[in-house]
Structure formats: structure tokens, C-alpha cells
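Participant: what would the 3D arrangement of this be:
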Amino acid sequence: MTISERVFERLAQLSMTQKEFSQKTGIQPSTISEWKKNKTNPSSEKIMPICEALDVSPEWLLSGIDPAGSRELNRDYYTIKKDTDMGRLIAYYNSLAPSMRERLIGYAEAIAEMTEKKS
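Facilitator: Reported below is the predicted structural model:
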């Protein structure tokens, strides 16, 4: 099954129209129609908006493989948008030297432990 076939399969499962899908993803309706008509696949920059709109993992959309037995976003990894708080934190973390990264993880663990004790 191709990526576009998985998109249309998931749209059917969600009872989502192509127009609703277009609105959620910002992808032109004509582009979505082309995928269906010509059996072509979305370009790489469209993958994340599609996954978000369909509530599926990139792994499932790209390969159809779903090791967890569910298409939902319950994985051992995260896909994070850059313009979110979490995305900003990751960017800051990546800019740090390894020793500072370890220090930051230590702070986060200490804060999490303090929070758990208060609960």
C-alpha cells in the first residue's frame, strides 16, 4: 500500500472529507485530489501535517509498519514541532556541550522528584 492509499484509508476510518483534511493540513484540495487520481504520494514536507491531522505516526504513514499494534501516536519516541515549548527546549538542549546536557538532565530529574513528593 502506498502513502496516499494509507491517507485515504485513514480518512475513511475517521469519516473525514478531503475538504476537512485540506483545512486541517493546509494542503490544497487539488493536491489531495491528484494523490488519489494519479496514485502519487505526498511530498516530504507534507508528512508531519498529515500525521497530525490523521493522528497517526510518521512510521505508519510512510511504511504501514506499526510495531505497537496501533496507529496512534503511542511510541517510544516523540515527534515535536520546533515552534512549541518542547521544541524550543530541545533546540536549547542540542546547543549545549555534553557536560551541560548532563547537568540539565540532573536539574530536570531533581525537579521531577520534588514534584512527585508534593503529590
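
Participant: pLDDT weak spots in the protein?
Facilitator: For the chain, the stretches with pLDDT under 70 are 66-79.

Participant: per-domain residue ranges of it.
Facilitator: Annotated domains of the chain cover 3-63, 85-118 [automatic domain parsing].

Participant: gap between the shortest one and the chain center?
Facilitator: It stands for domain 85-118. From the chain centre to the centre of domain 85-118 is a distance of 22 Å (Cα atoms, centre = their mean, to the nearest Å).

Participant: picking up where we left off before, among the domains of the chain, which is the most enclosed?
Facilitator: Here the criterion is mean neighbour count by mean count of other Cβ atoms under 10 Å, and of those the winner is domain 3-63, at a mean of 15. Every residue, glycine included, has its C-beta placed from N, CA and C.

Participant: endpoints of that domain, how far apart?
Facilitator: Length of domain 3-63, first residue to last, Cα to Cα, to the nearest Å: 8 Å.

Participant: can you list contacts of stretch 28-42?
Facilitator: Stretch 28-42 has contacts (Cβ atoms under 8 Å, 6 or more residues apart in numbering) with 2-5, 7-8, 18-19, 21-22, 27, 50.

Participant: quick check: the farthest pair among the residues you listed?
Facilitator: Farthest pair in the contacts of stretch 28-42 (Cβ to Cβ) is T2 and K19. Separation: 21.9 Å.

Participant: would you mind giving the contacts of stretch 28-42 as JSON lines with secondary structure and distance to S43 added?
Facilitator: Below are those laid out as JSON lines (DSSP: H, G, I helix; E, B strand; the rest coil; distance: Cβ to Cβ, whole Å):
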{"residue": "T2", "secondary structure": "coil", "distance to S43": "14"}
{"residue": "I3", "secondary structure": "helix", "distance to S43": "10"}
{"residue": "S4", "secondary structure": "helix", "distance to S43": "11"}
{"residue": "E5", "secondary structure": "helix", "distance to S43": "16"}
{"residue": "V7", "secondary structure": "helix", "distance to S43": "13"}
{"residue": "F8", "secondary structure": "helix", "distance to S43": "17"}
{"residue": "Q18", "secondary structure": "helix", "distance to S43": "17"}
{"residue": "K19", "secondary structure": "helix", "distance to S43": "20"}
{"residue": "F21", "secondary structure": "helix", "distance to S43": "16"}
{"residue": "S22", "secondary structure": "helix", "distance to S43": "15"}
{"residue": "I27", "secondary structure": "coil", "distance to S43": "10"}
{"residue": "I50", "secondary structure": "helix", "distance to S43": "10"}
